[in-house]
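Participant: Give me a 3D structure for the following:
(4 chains)
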There are 2 protein chains.
Amino acid sequence: MSNSTTVQSVDRAIAILEILAREGDSRVTDLATELDVHKSTASRLLAALEHGGLVEQSGDRGRYRLGFGVIRLAGAATAQLDLAKESRPICLRLAETVGETVNIAVPRDGDAVNISQVRGPAAISGHNWVGQRTPSHATSSGKVLLAYGALRVLAELERYTPRTITSPDGLGLDEIRERGWASTVEELELGLNAVAAPIRGRDGSVVAAVSASGPSYRLTPQRLPEVAARLVEAAREISQRLGYYR
Amino acid sequence: MSNSTTVQSVDRAIAILEILAREGDSRVTDLATELDVHKSTASRLLAALEHGGLVEQSGDRGRYRLGFGVIRLAGAATAQLDLAKESRPICLRLAETVGETVNIAVPRDGDAVNISQVRGPAAISGHNWVGQRTPSHATSSGKVLLAYGALRVLAELERYTPRTITSPDGLGLDEIRERGWASTVEELELGLNAVAAPIRGRDGSVVAAVSASGPSYRLTPQRLPEVAARLVEAAREISQRLGYYR
DNA sequence: GGACCTCTTTCCGCTCTGTGGAAAATGAGT
DNA sequence: ACTCATTTTCCACAGAGCGGAAAGAGGTCC
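Facilitator: Presented below is the predicted three-dimensional model:
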């Protein structure tokens, strides 16, 4: 990744943000001087940044400072960095203990999206799920997110295997909440089983799910409760690291 | 300020930040689709944002998320918004009480820079100081920032009037710290007097000064201690609002 | 209130920067 | 090792961004 594949006006806009962070309130002319660009260029870049909420005018016309949009972005960044960072060591340990692939999934636009993965030690292990959207009703993470209200149940549930549950009532969301974990037995793919538990954010709402998945010859239905207990404990620990105390 | 005076590539870069805030981890192709631009355009915009620290790659090549630079900018934005917002009502009241122009000044590159102002009710009042850099040794705010270590004393101090103090030892910084306020008597301009007190941030360090200034026929040397007492009280109140408890 | 000054914003012609298409590079899966 | 999908880099070209100038806006002074 070299400097030749960048965008000069974006570089300049970012430089404006840096100057405002360092200097506070600044005028168009001062920013133009410091950037070594024409005043109208500085004014136009500031207009774009203001339109995006990253800078705002501080009362007097022509005086600019960083805007609230920056704080909003940082809030999202902090939350995302926290979940990835805090879950990593726990997932590494869990994959060793359970012997299967461990994933973290978050709710996104009606699907469960896997944001990280640690493979188990077995020679035969499943897909790379990172970044993949998975249907909520046919995955254990998805069912957790549905059961705790982080995702909405659709009226029509698509079939992936003969064992996919296609009726909303058949998902057993009440039982999942009561039990504290969800599982799937060859509902997404033949030969693939999984089990998941809910991760809570600071305010107690379920923000993600931690799951273990593996081939059905290894992760048998008989084994699911034992693995679930470990996932529930891991989810509790991750939740605490995110600031949830109960 | 219309949409016609913006910069398309900056708009696109900001849109990428918004998508990452909403979606979390995203791939180049997904961002390109959502932005309705070519993949190479998305890749190049991300490269610029990554170079500026606002996004980072989340382990896997081609997967991007918001970066730490966003959190850093937000930290600066929060600090700046707090000082302006919290000091405003207090300065409004103070200008009425004291009857003179009230300013807040912060240390910037060796000078005291005025970031806000409330004019007193008098018909004759001074300059608009907002945004103006003032020499630290010849202004009351500057002397406060020097006395409490927020600014450094220069070896050579420029003369503005016959009354300007041009020797570093003559500034009386020890006395200012002991007294808790600083003043100037026609040291920056003939006929202009001022007095200032220190504002502390959350960690107790002096981050700004609140001052009152006016014509020397009104703000006489005899009146300075009384006005100073009100400024010290106002500074204490602003400091508390910024999170300083002592 | 008018004149003057300084700064910001908007307009416009021009050129150079950003774009999209294609090729090269890269990484995952079998 | 091969295949495939995705990302990154390269390059020609045109249109987006630039700087200069004019218009707009606000403050100061008389």
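Participant: give me phi/psi at A:G75?
Facilitator: phi -60, psi -40 (degrees, to the nearest 10).
Participant: quick one: contacts for the residue lying closest to it once chain neighbours are set aside?
Facilitator: Leaving aside its sequence neighbours, A:G75 sits nearest to B:A74 (C-beta to C-beta, 6 or more residues apart in numbering or on different chains; 7.7 Å). Where C-beta positions appear, they are placed from N, C-alpha and C, glycine not excepted. Taking C-beta atoms under 8 Å, 6 or more residues apart in numbering or on different chains as the criterion, B:A74 is in contact with A:V70, A:I71, A:L73, A:A74, A:G75.
Participant: go on, A:I16?
Facilitator: A:L31, A:L35, A:A42, A:L45, A:L46, A:L49, A:V55.
Participant: With B:Q222 as the reference, measure out to the spatially most central residue of chain A.
Facilitator: Note on chain A: the residue nearest the mean C-alpha position is A:V106, at 4.6 Å, using C-alpha atoms, centre = their mean. Going from A:V106 to B:Q222 by C-beta to C-beta, to the nearest Å gives 67 Å.
Participant: still on that earlier bit, now the buried members of the contacts of B:A74.
Facilitator: A:V70, A:I71, A:L73, A:A74 (16 or more other C-beta atoms under 10 Å in any protein chain shown).
Participant: Quick one: those as JSON lines, columns for distance to B:V227 and pLDDT too.
Facilitator: Converted to JSON lines, those look like this (distance: C-beta to C-beta, whole Å; pLDDT from 0 to 100):
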{"residue": "A:V70", "distance to B:V227": "37", "pLDDT": "90"}
{"residue": "A:I71", "distance to B:V227": "36", "pLDDT": "85"}
{"residue": "A:L73", "distance to B:V227": "43", "pLDDT": "89"}
{"residue": "A:A74", "distance to B:V227": "40", "pLDDT": "86"}
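Participant: can you count the residues close to the residue nearest to A:L66 when sequence neighbours are not counted?
Facilitator: Among residues not flanking A:L66 along the chain, B:A77 sits closest, at 3.7 Å (C-beta to C-beta, 6+ apart). The tally of other residues near B:A77 (other C-beta atoms under 10 Å in any protein chain shown) stands at 25.
Participant: Stretch A:142-160: end-to-end distance?
Facilitator: 15 Å (C-alpha to C-alpha, to the nearest Å).
Participant: Contacts for it next, please.
Facilitator: Against stretch A:142-160 from outside (C-beta under 8 Å, 6+ apart): A:105, A:107, A:110-112, A:134-138, A:164-168, A:171, A:173-174, A:176-177, A:181-184, A:187-189, A:196-198, A:205-207, A:209, A:211.
Participant: Select from these every entry located in helices.
Facilitator: Using DSSP state H, the subset of the contacts of stretch A:142-160 located in helices is A:L173, A:D174, A:I176, A:R177.
Participant: Pull out the buried residues from these.
Facilitator: A:L173, A:I176.
Participant: Kindly present the ones in helices among the contacts of stretch A:142-160 as TSV, with separate columns for pLDDT and distance to DNA strand C.
Facilitator: Supplementary listing: the ones in helices among the contacts of stretch A:142-160 in TSV, determined by pLDDT from 0 to 100; distance: C-beta to the nearest atom of the strand, whole Å:
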residue	pLDDT	distance to DNA strand C
A:L173	94	31
A:D174	95	35
A:I176	96	29
A:R177	95	33
